[in-house]
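K.L.:
The sequence and its predicted three-dimensional model are supplied below.
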Amino acid sequence: GRMDGQTAMGKAPVGVAALAKKYCKPVLAFAGAVERDARKCNEHGIDAFFPILRTITTSDDALNTETAYKNLVETACQVFRLIEI
């Protein structure tokens, strides 16, 4: 899906972040796309967020299960490489 300012208004990712913060855990979020106003999510417990779309694509291609999985894995691998540094 898309992470935006509305996400900060009580959607599932912010609920998960609230639970994680209760246990002092950092929160990373991955979304298909990220809008500029998604920064509001940082104020609601999401420490960092990342879009997984790696190129300009059609909606059909972006929503394809195999493509979405591949994009998520590739993005997550890069994020965790950074964490290991």
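P.N.:
Noted; the coordinates are in hand. Numbering: from 1, shown residues only.
K.L.:
pLDDT value on Leu63, please?
P.N.:
Looking at Leu63, its pLDDT stands at 86.
K.L.:
Burial check on it, number of neighbours?
P.N.:
12 (other CB atoms under 10 Å). C-beta coordinates here come from the backbone N, C-alpha and C atoms, glycine included.
K.L.:
Report the separation between it and Gly32.
P.N.:
8 Å (CB to CB, to the nearest Å).
K.L.:
Likewise for Cys24?
P.N.:
Taking CB to CB, one finds Cys24 at 29 Å from Gly32.
K.L.:
out of these two, which sits in the busier spot?
P.N.:
Between Cys24 and Gly32, Gly32 has the larger neighbour count (other CB under 10 Å), namely 17 against 6.
K.L.:
List the contacts of the more buried one.
P.N.:
Contacts for Gly32 (CB atoms under 8 Å, 6 or more residues apart in numbering) come out as 1-2, 51-53, 62, 68, 71.
K.L.:
Can you say which of the residues you listed are buried?
P.N.:
Neighbour-count burial (16 or more other CB atoms under 10 Å) applied to those gives 51-53, 62, 71.
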